[in-house]
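K.L.:
Sharing a model prediction with you, sequence too.
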Amino acid sequence: MSVDAIILAGGRSSRLGGVAKASLLRGGRTLLQLAVDAARAAGGRVVVVGPEARTTAPVRFVRERPVFGGPAAAIAAGLDALRDGVAAEGPTQVAVLACDMPDAAPALAAVLAAATAATGTDTDGWVAVDDSGREQPLLAVYHREALERRVAALRASQPSGDLAGVSVRQLLAGLVLRQVPIPDGGSADVDTWADATELGVVTAVESPTPTASTTPTADPEERLR
């Protein structure tokens, strides 16, 4: 069974001095390309929410409304794009993946395996949980209908009609989610230059990495800024 994927790649990267995370390199591939390669294993269409960039596989690029509206707005934009031309027999599940986790491929594979093996249950989504017990909602697989329902409800409740500033926790509120343990390091993300150094991630020009705050961040809203 194929699963479509939404890759979040449009944050401000404020703690990297504005250097786009998607453009950083690991082993000669950009973090965006690594995320696309991981998502392609799901077998469905791939939508990247972020600025257009070169990839080795066909993907669709869209932007959230408003730009930099946050990960919940980005997920909504990805769902809108996937809705275009969807046949009745199209994928009923969608993977969500932030582009700043260079070792996410095995983790996403574990979540996909759990999701595809559990068809027919009342679960709304399968969320990676790291070795510290922390859920990773931007490394997950959700039932499309459940996410669509929450997006519609939140859009109706917002004066602006969009999801700008809405948290991922609000988006997922009320959904029945199953935790899926993932391999160690699968959700390690690049928030700071110290993280980049630890994960072997460099800039495209291989310039010396600046010094920046190394304060860890668990909140998915902060990770994409």
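P.N.:
Happy to help now that I have it. Numbers count the residues shown, from 1 in each chain.
K.L.:
Contacts only, for Gly200.
P.N.:
26-27, 102 (CB atoms under 8 Å, 6 or more residues apart in numbering). The way it works is simple: take the backbone N, C-alpha and C, and place the C-beta from them, glycine included.
K.L.:
Would you mind giving me the confidence score for it?
P.N.:
According to the prediction, Gly200 has pLDDT 96.
K.L.:
How about Glu89?
P.N.:
We have a pLDDT of 56 for Glu89.
K.L.:
next one: Leu154
P.N.:
Model confidence at Leu154, expressed as pLDDT, equals 96.
K.L.:
low-confidence ranges in this protein?
P.N.:
In the predicted model, the chain carries pLDDT under 70 at residues 85-90, 119-120, 206-225.
K.L.:
which residues in it form strands?
P.N.:
3-8, 25-26, 29-30, 43-49, 60-62, 93-98, 125-129, 135-143, 177-181 (DSSP state E).
K.L.:
Which strands and helices lie in contact with the fifth one?
P.N.:
Contact here means 3 or more CB pairs under 8 Å, 6 or more residues apart in numbering; DSSP states H and E; on that basis strand 60-62 packs against strand 43-49, helix 71-83.
K.L.:
so the first one versus helix 71-83, what angle?
P.N.:
I take that to be strand 43-49. Note on geometry: by axes from the mean of the first three to the mean of the last three CA atoms, to 10 degrees, strand 43-49 and helix 71-83 are set 130 degrees apart in direction.
K.L.:
in strand 43-49, what's buried?
P.N.:
By 16 or more other CB atoms under 10 Å, the buried positions in strand 43-49 come out as 44-49.
K.L.:
what about the helices in this protein?
P.N.:
31-40, 71-83, 104-117, 144-157, 168-172, 193-198, 220-223 (DSSP state H).
K.L.:
can you put those in JSON lines and add mean neighbour count?
P.N.:
Converted to JSON lines, those look like this (neighbours: other CB atoms under 10 Å):
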{"stretch": "helix 31-40", "mean neighbour count": "24"}
{"stretch": "helix 71-83", "mean neighbour count": "24"}
{"stretch": "helix 104-117", "mean neighbour count": "20"}
{"stretch": "helix 144-157", "mean neighbour count": "16"}
{"stretch": "helix 168-172", "mean neighbour count": "18"}
{"stretch": "helix 193-198", "mean neighbour count": "18"}
{"stretch": "helix 220-223", "mean neighbour count": "19"}
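K.L.:
if we can go back for a sec, just send the helices and strands packed on strand 60-62 back as a markdown table, with distance to Ala188 too.
P.N.:
Listed next are the helices and strands packed on strand 60-62 as a markdown table, based on distance: least, CB to CB, whole Å:
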| stretch | distance to Ala188 |
| --- | --- |
| strand 43-49 | 21 |
| helix 71-83 | 18 |
